[in-house]
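fold the following, please.
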Amino acid sequence: MSSSTAAPVAARTSTWSADAAASVVVFLVALPLCLGLALASGAPLISGIIAGIIGGLLVGALSGSNLMVSGPAAGLTAIVLAAITDLGGFTPFLTAVVLSGILQIGFGMLKAGVVASYVPSSVIRGMLSAIGLILILKQLPYAVGYDADVMRDVAFRQANDQNAFSALAHLFSALEPVAILCSAVGLALLVLWPRIARGPLAAVPGALAVVLAGVAINALAGFWTPERALGVSHLVGLPLLRSAAEAVAALATPDWSRLTDPAVLRVAVTLAMVASLETLLSLEATDRLDPAKRLSPPNRELVAQGIGNTLSGLVGGLPITGVIVRSAANISAGGRTRKSAILHGALLLVAVAWLPGLLNRIPLAALAVILIFTGLKLASVKLVRSQWSQGTESFVPFAATVAAILLTDLLIGIGVGLVVAAGFILRARPLTPGYRIVSPNGAVLVQCMLDDQVTFCSKARILKLLNGLAAGTRIEINGTRSRRIDRDVIEMLHEFTGTAADRGIDYRLVSIPAPVGDSAGAH
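Take a look at the predicted model:
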């Protein structure tokens, strides 16, 4: 074999090796999350695994992203939980999932991938914070061993003479000591794991350590004090499938009689919009983390996600989005191409087919504490302080989004946040193009002068300009004349610095403020 032939073969082998190793890490992160998110959504636990498998095998293969991982996401739990209750069951909800997938395919074909650039960061952070609060309150019963869902409604409005907070008082009437111990140990592990995991343990995700600890604690309780051990109602309950026929029979299918039900259609639209937004935001974040600084096509991603959600709904899975936590784990573990996402889906399939007996030993309390910890990161005090420090134009839309989601639902809450954010912009300043090129055609240095007022509405147009630059271009972004530049635009301009260097672009920022640090949520 010639040296010219051997080099590509060695490169492919190296990529497969790196991707295979990364896929194992992503699988270990995804497994407890797939189960936990199904639990938080009030759906059959197997539906979370199904969504993870399809997100890996199908969406991973169709996606234009090299590193993003798809599967069930924390951002949809509030919608799923409310929808299953409002629609009267899981099968009509699956009809909505199928329809949402078809809508997403339409979004991609209509090239709606740019929409995420027009959502202000304050509204996005408000959405994530509200989801975090809902996760915390919904998982508290499971964390203490009280499996009855005391929050029948995601919102905090009155129901049966009780609201969510008064209903939580029932937790203290049915505590399970072993469940509480699993939760306490699990929370301590999640907090301390980055500090104590050394050597081979460093390769073990904290969530997996929590699950293993929960299994061990309940096994020891069963050995020493059998009457204290957690019963089957407090453990994962995946079906034990002995044949392919049993597996097919166990899959839930959509209730097609509800296809034209307005309530189902409303859920489908909500799922399509929120799942698309979450996917596009995760795609943008993944591209920023990519060491190779590759840019992924957002419209292709919407089509891939739509196909995945259509199939997931047809076979009884949760809705799917791109997810940043698993994507970041993929990158940090050395993933190179989409093969790592595909392989993690194959590993999930192997786990549910051959290891359901082991998975059924996992305490629900262990999964609950993982989700509570996720909720604490999404709704962190640091994030609230950061929004407050940026003034009323940032904090008021953030707070309005959180309150509206908790009092109504996710889609209405986002709409309220957008209206409040737009109100601040229109009151303070008119909409402007955002920039103008002041250098003559053919000039060696392209001079881009930002407008007096640059809003988040200009982000997509400026980003299109930057992404369209050819290698070797020299460009200066000048904010000397700008009295106000929205935070979203500032962040985007500074983040492009690394991309410009990798693409051989001479990129200069003049009079552009430094971005303010904040806390970003994960799901």
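
how far does stretch 502-516 sit from its chain's centre?
The chain centre lies 28 Å from the centre of stretch 502-516; the measure is Cα atoms, centre = their mean, to the nearest Å.

please point out which parts of it sit buried.
Under the neighbour-count criterion of 16 or more other Cβ atoms under 10 Å, stretch 502-516 has 503, 505, 507, 509, 512 buried. Where C-beta positions appear, they are placed from N, C-alpha and C, glycine not excepted.

could I get the full set of helices for the stretch 51-200 of the chain?
With DSSP state H, counting those that start in this stretch as the criterion, the stretch 51-200 of the chain has helices at 60-62, 77-87, 90-109, 121-143, 164-167, 177-196.

in stretch 208-222, what's buried?
Buried, per 16+ other Cβ under 10 Å, within stretch 208-222: 208-211, 213-215, 217-218, 221.

pLDDT-wise, what's the bottom of those residues?
When these are compared on pLDDT, residue 208 comes out lowest, with 84.

before we move on, back to that, tabulate the helices of the stretch 51-200 of the chain (a markdown table), appending mean neighbour count.
What follows is the helices of the stretch 51-200 of the chain, written out as a markdown table (neighbours: other Cβ atoms under 10 Å):
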| stretch | mean neighbour count |
| --- | --- |
| helix 60-62 | 20 |
| helix 77-87 | 23 |
| helix 90-109 | 23 |
| helix 121-143 | 25 |
| helix 164-167 | 15 |
| helix 177-196 | 18 |
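
relative to residue 328, which of these is closest?
Among the helices of the stretch 51-200 of the chain, helix 177-196 comes nearest to residue 328, with 13.6 Å by Cβ to Cβ.

contacts for the closest one?
142-145, 206-207, 209-210, 213-214, 217-218, 221, 228-230, 234, 363-366, 368-370, 372-373 (Cβ atoms under 8 Å, 6 or more residues apart in numbering).

before we move on, back to that, list just the nearest of the buried residues of stretch 208-222 to residue 417.
Nearest member of the buried residues of stretch 208-222 to residue 417, counting by Cβ to Cβ, is residue 210, at 32.8 Å.

report how many residues lie close to residue 260.
Neighbours of residue 260 under the rule other Cβ atoms under 10 Å: 9.

need the pLDDT of it.
Predicted confidence (pLDDT) for residue 260: 94.

got it, and residue 257?
On the pLDDT scale, residue 257 gets 96.

that one belongs to a strand, doesn't it?
No. Assignment of residue 257 by DSSP: H, G, I helix; E, B strand; the rest coil gives helix, placing it outside any strand.

okay, buried residues for the helix or strand harbouring residue 447 please.
Using DSSP states H and E, residue 447 falls within strand 445-450. Neighbour counts using 16+ other Cβ under 10 Å place 446-450 of strand 445-450 among the buried residues.

with secondary structure and distance to residue 138 as added columns, please give the buried residues of stretch 208-222 in JSON lines.
Below are the buried residues of stretch 208-222 laid out as JSON lines (DSSP: H, G, I helix; E, B strand; the rest coil; distance: Cβ to Cβ, whole Å):
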{"residue": "208", "secondary structure": "helix", "distance to residue 138": "22"}
{"residue": "209", "secondary structure": "helix", "distance to residue 138": "23"}
{"residue": "210", "secondary structure": "helix", "distance to residue 138": "18"}
{"residue": "211", "secondary structure": "helix", "distance to residue 138": "19"}
{"residue": "213", "secondary structure": "helix", "distance to residue 138": "22"}
{"residue": "214", "secondary structure": "helix", "distance to residue 138": "19"}
{"residue": "215", "secondary structure": "helix", "distance to residue 138": "23"}
{"residue": "217", "secondary structure": "helix", "distance to residue 138": "23"}
{"residue": "218", "secondary structure": "helix", "distance to residue 138": "22"}
{"residue": "221", "secondary structure": "helix", "distance to residue 138": "25"}
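
out of those, which one sits closest to residue 202?
Closest to residue 202, out of all of the buried residues of stretch 208-222 and judged by Cβ to Cβ, is residue 209, at 11.1 Å.

distance of that closest one relative to residue 193?
6 Å (Cβ to Cβ, to the nearest Å).

same question for residue 346.
If you go by Cβ to Cβ, the gap between residue 346 and residue 193 works out to 27 Å.

with residue 44 instead?
29 Å.

with pLDDT as extra columns, can I get the buried residues of strand 445-450 in TSV?
Output for the buried residues of strand 445-450, formatted as TSV (pLDDT from 0 to 100):
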residue	pLDDT
446	91
447	91
448	92
449	92
450	92
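
span of stretch 186-206 from start to end?
9 Å (Cα to Cα, to the nearest Å).

centre of the chain versus it, how much separation?
22 Å.

low-scoring pLDDT stretches of the stretch 101-250 of the chain, where are they?
In the predicted model, the stretch 101-250 of the chain carries pLDDT under 70 at residues 147-174.

what do you get for the stretch 401-523 of the chain?
Looking at the stretch 401-523 of the chain by pLDDT under 70, you get 426-433, 516-523.

how about residue 475, secondary structure?
Of the three states, residue 475 takes strand according to three-state DSSP.

bridging residues for it?
Listed beta-bridge partners, residue 475: residue 446, residue 507 (assigned using DSSP bridges).

I figured it hits residue 505, correct?
Yes. Shown here, residue 475 and residue 505 form a contact pair, counting by Cβ atoms under 8 Å, at 6.8 Å.

what's the overlap in contacts for the two?
Joint contacts of residue 475 and residue 505 (Cβ under 8 Å, 6+ apart) are residue 469.

relative to the whole chain's centre, how far out is the helix or strand that residue 340 is a member of?
Secondary structure assignment for residue 340, by DSSP H and E: helix 339-354. Centroid displacement of helix 339-354 relative to its chain, using Cα atoms, centre = their mean, is 19 Å.

over to stretch 185-204?
The answer for stretch 185-204 is 23 Å, by Cα atoms, centre = their mean.

please produce JSON lines containing the buried residues of stretch 502-516, extended by secondary structure.
Below are the buried residues of stretch 502-516 laid out as JSON lines (three-state DSSP):
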{"residue": "503", "secondary structure": "coil"}
{"residue": "505", "secondary structure": "coil"}
{"residue": "507", "secondary structure": "strand"}
{"residue": "509", "secondary structure": "strand"}
{"residue": "512", "secondary structure": "coil"}
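
now those residues in JSON lines, please, with extra columns for distance to residue 400.
Formatted as JSON lines, the buried residues of stretch 502-516 follow (distance: Cβ to Cβ, whole Å):
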{"residue": "503", "distance to residue 400": "39"}
{"residue": "505", "distance to residue 400": "39"}
{"residue": "507", "distance to residue 400": "36"}
{"residue": "509", "distance to residue 400": "32"}
{"residue": "512", "distance to residue 400": "28"}
